[in-house]
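>>> the following comprises the amino acid sequence and a computationally predicted model.
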Amino acid sequence: QVQLVESGGGLVQPGGSLRLSCAASGSIFNILTMAWYRQAPGKQREFVATITSGGSTNYADSVKGRFTVSRDMGKKTVILQMNSLKPEDTAVYFCNLNAVPEPGTYANDYWGQGTQVTVSS
């Protein structure tokens, strides 16, 4: 089984910073992408940022220039550095892993339990 454990959420004032971390463990043969999504109250889950095993990144327009995604493939960890936070960034942030669990199998999507980020004065 594959498990994702997130950490680093919390309460921060507008303009502040937070660093989210997500560590994957379990049966993972090949990681394709690691990503972050978020879900605000009453809204659908939305894409935030992704990084491939080769290091290519992609961001939602709403976070470009403020958030940075990075990874340590050896440690199977993805980091989301969030700067210049705004109240509209308030949401539960979920880690996503797209990976092949065993040789000869197809890639699956795996999700963390989510970590709350609240931006408020």
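Perfect, thanks for sending it.

>>> residue contacts, the residue nearest the centre of the chain?
Centroid check for the chain by C-alpha atoms, centre = their mean gives residue 36 as the closest residue, at 2.6 Å. Applying C-beta atoms under 8 Å, 6 or more residues apart in numbering, we find residue 36 in contact with 20, 22, 48-50, 69, 78, 80, 93-96. For the C-beta atoms, the positions are set from N, CA and C on the backbone; glycine is no exception.

>>> any chance of those residues in a markdown table, plus pLDDT, distance to residue 105 and neighbour count?
Supplementary listing: the contacts of residue 36 in a markdown table, determined by pLDDT from 0 to 100; distance: C-beta to C-beta, whole Å; neighbours: other C-beta atoms under 10 Å:
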| residue | pLDDT | distance to residue 105 | neighbour count |
| --- | --- | --- | --- |
| 20 | 98 | 29 | 24 |
| 22 | 97 | 22 | 25 |
| 48 | 98 | 27 | 24 |
| 49 | 98 | 26 | 23 |
| 50 | 98 | 22 | 19 |
| 69 | 98 | 26 | 21 |
| 78 | 96 | 22 | 29 |
| 80 | 98 | 28 | 27 |
| 93 | 98 | 28 | 23 |
| 94 | 98 | 23 | 21 |
| 95 | 97 | 21 | 26 |
| 96 | 97 | 18 | 20 |
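
>>> turn those into a markdown table, including secondary structure and distance to residue 40.
Compiled in a markdown table, the contacts of residue 36 are given as follows (DSSP: H, G, I helix; E, B strand; the rest coil; distance: C-beta to C-beta, whole Å):
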| residue | secondary structure | distance to residue 40 |
| --- | --- | --- |
| 20 | strand | 16 |
| 22 | strand | 19 |
| 48 | strand | 11 |
| 49 | strand | 16 |
| 50 | strand | 19 |
| 69 | strand | 19 |
| 78 | strand | 21 |
| 80 | strand | 16 |
| 93 | strand | 10 |
| 94 | strand | 12 |
| 95 | strand | 17 |
| 96 | strand | 17 |
